[in-house]
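Chemist: Generate a structure from the sequence data that follows.
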Amino acid sequence: MEDTTSLPSSSADDLKKHVMRIFKEATKDCEEDTVLKRMFVSIRDYDNLNKHAIQIFFVLTESGLADETKELFKPRPESGILTDVAVFTIVIWAYTYANKTGAALKVYYQMIAAGVAPTSCTYTILIISLATHSSSDVNFVRYAKKYFLEM
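Modeler: Model prediction:
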């Protein structure tokens, strides 16, 4: 996923720093969950985030979301660096995987507030999270329907 040969190293480094700022902002509220905190703390730099993205790419692809996953993880054309939507979706997926649907929804709102448009993979992960955990909050079903129509 990473090929930075087409950019000067300072531009690639700036993009990596930008991506890591997004990641840190999206994961700042995980303090109460020790599993997520441990996972997010292990992603200390862009290379670790990229390795984690590759693992998620394969998990999602094997889950039947091949086309959606390819769309999500299509790197920035000029640099090969992960896109903002990919970073937000990775965090949404992590919260979903940890059964933290409210936190996943909060990250989705952060993404929208930052002006980042979700991909079909982002919607799919969010809808699955909302629909799967709807028994804990009846509003989750309403949100799942809303995002399905939005998608």
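Chemist: for stretch 23-31, the distance to its chain's centre please.
Modeler: On the basis of C-alpha atoms, centre = their mean, to the nearest Å, stretch 23-31 sits 12 Å off its chain's mean C-alpha point.
Chemist: Might you report the residue contacts of the residue most central in space within the chain?
Modeler: Central residue of the chain (C-alpha atoms, centre = their mean): T89, 1.8 Å from the mean position. By C-beta atoms under 8 Å, 6 or more residues apart in numbering, the contact list for T89 reads L72, P118, T119, C121, T122, I125. Placement of C-beta: from N, CA and C, glycine included.
Chemist: ok, now how distant is it from D13?
Modeler: Between T89 and D13 the computed distance is 23 Å (C-beta to C-beta, to the nearest Å).
Chemist: For the contacts of T89, pick the one with the most neighbours.
Modeler: For these, the largest neighbour count, defined by other C-beta atoms under 10 Å, is 28 neighbours, found at I125.
Chemist: from the contacts of T89, which single one is nearest D47?
Modeler: L72 (19.5 Å; C-beta to C-beta).
Chemist: can you tell me how far that closest one sits from F88?
Modeler: Taking C-beta to C-beta, one finds L72 at 10 Å from F88.
Chemist: tell me which element R44 is part of?
Modeler: In the assignment (DSSP states H and E), R44 maps to no helix and no strand.
Chemist: What is the neighbour count of it?
Modeler: For R44, using other C-beta under 10 Å, the count is 10.
Chemist: One more: A12?
Modeler: A12 has 21 neighbours, counted by other C-beta under 10 Å.
Chemist: And for I22?
Modeler: Number of residues near I22 (other C-beta under 10 Å) recorded here: 23.
Chemist: My understanding was that it contacts D84; is that so?
Modeler: Yes. I22 sits in contact with D84 when judged by C-beta atoms under 8 Å, with a separation of 5.6 Å.
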